[in-house]
Each structure stands twice: as C-alpha cells, then as structure tokens.
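A.B. asks: What follows is a predicted structure for the sequence shown.
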Amino acid sequence: MEITENNQIIEHTINSDTQKNKISNEELRLLHQIPTFRPIIQTFVVINTYFILSAIGFWLNNWAVWLLVWLVQGFLFVCFFAAIHYCSHYSLYKSKNANRFMGTFLSLVLLMNFSFHKYIHIGHHREAKIKGKIVGDTSAWQTFPNINTYLFALTYFYPLAAWKNWWIVTKDLYLDSLKTHNEEESALPANFYLSYFKTPEQRQFVLQNNWLLLGWFVLMAGLTVIFPGILFFGYWIPLATFASPFGFIFSITDHYGCESDLNHNLWNDTRTMISNPIIRFYYWNNNYHVEHHLYPSMPPCNYSKIHELIQHHLQHIEKSYLMFHLKIMQGLISAKSH
C-alpha cells in the first residue's frame with residue numbers, strides 16, 4: 001500500500017535521532033484523503049481567471065494591457081500544467097475519470113499528450129526514488145555551462161521539450177505500431193523514453209491521445225479562421241510567447257543543482273520552493289516538490305501540512321522563484337567573467 005511504503009521512506013531517510021518526528025500511518029491516511037469540492041472550486045477559479053484576463057484585454061484593448069494580460073496568462077498555463085501533473089497521479093480529484101478527463105483536456109490546451117506525460121512522469125518518480133536519476137523535460141539542464149545556455153533554455157524550453165520528447169517518441173511509437181506480430185520486441189526503435197511505455201496498451205493510449213491532439217489542432221485552426229482576433233489574442237499569442245519562459249522558470253527549480261546517482265536520497269535530489277500564498281494557490285502547491293516525491297499520491301492541498309512536519313530535514317529549499325533564478329544568472333555571469 002502506498003501510504004505504508006511512503007511512510008517507510010520517511011523512516012529510512014531520516015536519521016535515527018529524529019525518529020520521534022515520524023508521521024504515523026493514521027496521519028498519512030487522513031492526509032491522503034482527497035477533498036470533494038475544494039479541487040473543483042480551485043479549478044473553476046484558475047480557469048476563470050484566464051478568461052477574465054482575456055475579457056479585460058478585449059475591453060480595454062490597449063497594447064500595454066495586453067502585454068500584462070499575456071504575462072499572467074503565461075503563468076496560468078504553467079498552473080494548468082501543475083493540474084495535469086496531479087491528474088497523472090490521480091490525486092487532484094476523487095474520481096479517476098475526472099482526473100483523466102481534466103488531465104486530457106488541459107493537456108490539449110497546452111498542446112500536450114496527457115498519456116505520454118503520465119507514463120514519463122511516473123517513470124521520473126521511479127527513477128528518482130531508486131536510482132537518483134532525473135528524467136523528464138528538465139533532465140537536460142541539471143546544471144548550465146554558461147549564461148547563454150541558460151537564456152536559450154529560458155526562451156525555447158517549451159518547443160524544445162515538445163520536439164525532443166513528444167514528437168520524437170511518438171514518431172517511434174507509430175513506427176512500432178506498423179510492425180507485424182512476428183517481429184521481435186528488440187526491433188523497437190532505440191529511443192530512451194520508449195522503455196517507459198511498458199505495455200502495448202500504454203503505447204496505444206499515447207497514440208490515441210495524439211489523435212485527440214490532432215483533432216484539437218483542427219478545431220482551434222477552424223475557430224481561428226472564424227474568430228481570428230479572439231483566438232490570436234486570447235490563446236495563441238500567450239501560449240507562443242509567455243508559456244515557455246514561465247514553464248522553464250517554475251520547472252527547472254525542482255531538481256536543478258541537486259545531487260543524483262550514487263549519493264542521492266529523497267532529501268538531497270529534490271528542491272522545495274516556498275513562494276507566496278497566491279503562487280501556491282494557483283500553482284496547486286506544486287512548489288512543495290520534496291513533499292510530492294515523498295508522497296506522490298497525496299492531494300496537493302495537504303503538502304503544506306507535510307511541509308510543516310518535515311521542513312527541518314530539507315536540504316534544498318528556496319523562498320522565491322525570482323531570487324532562485326537571479327542567483328543562477330549571477331553565478332553564471334560571474335563564472336563567465338573569470
């Protein structure tokens with residue numbers, strides 16, 4: 001049972017002189033209970049904030065206002081991704097079907113394949129826990145060699161992730177689907193991520209989600225032809241301009257500069273960010289990333305409670321996303337000057 005397993009993680013990774021801080025099974029059981037209405041209300045607030053901002057932009061119709069609207073909407077796209085992330089764990093809503101539906105819908109909005117993300121992300125947790133190996137969209141940037149690489153990743157994070165991961169992998173899955181039953185499994189295309197789709201059923205889900213994504217493209221293209229102003233200003237521009245930088249800013253903090261491989265444990269290979277109550281609300285408490293790796297099936301609304309219990313054990317913790325990135329840039333610029 002996951003609750004017991006996660007409790008053992010706490011016991012095995014905290015020194016013996018701190019065993020008195022162990023979280024009991026009963027506490028964990030209560031913290032793993034998913035509330036019925038809170039995530040629904042929070043989803044309503046997050047999504048409607050996006051539409052309200054668009055309405056303000058069309059109402060005032062000023063370039064300065066639009067830039068501010070797109071900036072905030074870029075952040076909200078990252079909040080959509082955080083919701084997708086928890087849907088892949090079936091921990092956002094009580095119903096598995098609700099998690100699948102909302103995860104798939106929000107993934108389409110972000111031009112993502114939900115099944116692909118789900119299987120890769122579960123693999124990310126498995127690899128991080130067992131091997132200390134970080135896989136996923138930020139795996140290529142555990143450290144930056146120079147400031148130019150950092151700025152390149154900041155600008156092109158989203159399209160690079162889409163090209164390097166989703167398209168290349170699913171292309172190989174399509175090639176695999178054309179094989180005959182007589183061909184050996186070893187004939188699969190040699191792609192690192194294919195190993196995370198363990199069964200033909202999982203691979204089929206990924207392919208089916210690609211067809212949904214194609215249908216979304218066709219739908220959005222048709223609506224753009226009919227309502228070009230609404231779709232360009234309310235959807236395409238913020239998605240194409242600000243979603244990528246915000247995705248990088250909020251995703252890279254999870255494991256950047258943390259230990260991995262032989263010296264890893266759940267306390268030193270992941271980072272928790274504190275931020276502020278507004279960010280935490282809209283970002284679904286995804287800033288509590290150590291807490292999430294310890295208890296991946298826990299509903300995000302309870303990670304703040306876990307944080308209060310374990311914060312004195314955290315080895316990587318930062319108060320601000322902005323200050324974290326300023327420190328990275330300052331270090332890279334200083335290294336370049338030497």
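C.D. replies: Noted; the coordinates are in hand.
A.B. asks: Okay, now the unreliable bits of this structure?
C.D. replies: By pLDDT under 70, the low-scoring segments of the chain are 1-21, 128-142, 160-195, 259-265, 337-338.
A.B. asks: please redo it, this time with the cut-off set to 80
C.D. replies: Along the chain, the model assigns pLDDT under 80 to residues 1-23, 123-143, 156-200, 258-269, 335-338.
A.B. asks: where along it do the strands fall?
C.D. replies: 272-273, 317-318 (DSSP state E).
A.B. asks: Now do the last one: everything it contacts.
C.D. replies: With CB atoms under 8 Å, 6 or more residues apart in numbering as the contact definition, strand 317-318 has outside contacts at 253, 271-274, 290, 311, 324. For the C-beta atoms, the positions are set from N, CA and C on the backbone; glycine is no exception.
A.B. asks: Identify, from these, the entry nearest to Gly123.
C.D. replies: Of all the contacts of strand 317-318, Gly123 sits closest to Val290, with 19.0 Å by CB to CB.
A.B. asks: Any idea how many residues pack against that closest one?
C.D. replies: Applying other CB atoms under 10 Å, we find 27 residues neighbouring Val290.
A.B. asks: Roughly how far does it sit from Thr143?
C.D. replies: According to CB to CB, to the nearest Å, Val290 stands 19 Å off from Thr143.
A.B. asks: Ok, Phe227 next?
C.D. replies: According to CB to CB, Phe227 stands 45 Å off from Thr143.
A.B. asks: What about the contacts of strand 317-318, which one has the most neighbours?
C.D. replies: Most surrounded of those: other CB under 10 Å gives Val290, at 27 neighbours.
A.B. asks: Hmm, it is touching Asn268, no?
C.D. replies: No - using CB atoms under 8 Å, Val290 is not in contact with Asn268, being 9.5 Å away.
A.B. asks: Could you name every residue contacting both of these two?
C.D. replies: Each of His316 lies in contact with both Val290 and Asn268 under the rule CB under 8 Å, 6+ apart.
A.B. asks: Need the distance between the two termini of stretch 276-289.
C.D. replies: 15 Å (CA to CA, to the nearest Å).
A.B. asks: Please, where are all the helices along the stretch 1-150 of the chain?
C.D. replies: Taking DSSP state H, counting those that start in this stretch, the helices of the stretch 1-150 of the chain run over residues 2-13, 25-31, 38-60, 63-88, 96-109, 114-130, 147-161.
A.B. asks: In TSV: these, plus distance to Leu213 and mean neighbour count.
C.D. replies: Below are the helices of the stretch 1-150 of the chain laid out as TSV (distance: least, CB to CB, whole Å; neighbours: other CB atoms under 10 Å):
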stretch	distance to Leu213	mean neighbour count
helix 2-13	30	14
helix 25-31	35	14
helix 38-60	20	15
helix 63-88	13	20
helix 96-109	6	19
helix 114-130	9	20
helix 147-161	15	16
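A.B. asks: Can you lay out those helices as CSV showing distance to Gly215?
C.D. replies: What follows is these, written out as CSV (distance: least, CB to CB, whole Å):
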stretch, distance to Gly215
helix 2-13, 35
helix 25-31, 38
helix 38-60, 21
helix 63-88, 18
helix 96-109, 8
helix 114-130, 14
helix 147-161, 21
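A.B. asks: Let me know which of these is the nearest to Ile306.
C.D. replies: Of the helices of the stretch 1-150 of the chain, nearest to Ile306 by CB to CB is helix 25-31, at 6.8 Å.
A.B. asks: list the helices and strands that closest one packs on?
C.D. replies: helix 2-13 (3 or more CB pairs under 8 Å, 6 or more residues apart in numbering; DSSP states H and E).
A.B. asks: Can you give the distance from stretch 51-69 to the centre of its chain?
C.D. replies: From the chain centre to the centre of stretch 51-69 is a distance of 27 Å (CA atoms, centre = their mean, to the nearest Å).
A.B. asks: List of residues touching that stretch?
C.D. replies: Residues from elsewhere that reach stretch 51-69, judged by CB under 8 Å, 6+ apart: 72-73, 76, 230, 233-234, 238.
A.B. asks: what's the answer for stretch 239-253, then?
C.D. replies: Contacts to stretch 239-253, defined as CB under 8 Å, 6+ apart, come from residues 70-71, 73-75, 77-78, 81, 110-111, 137-138, 141, 153-159, 161, 271, 273, 283, 286, 289, 318, 321, 324-325.
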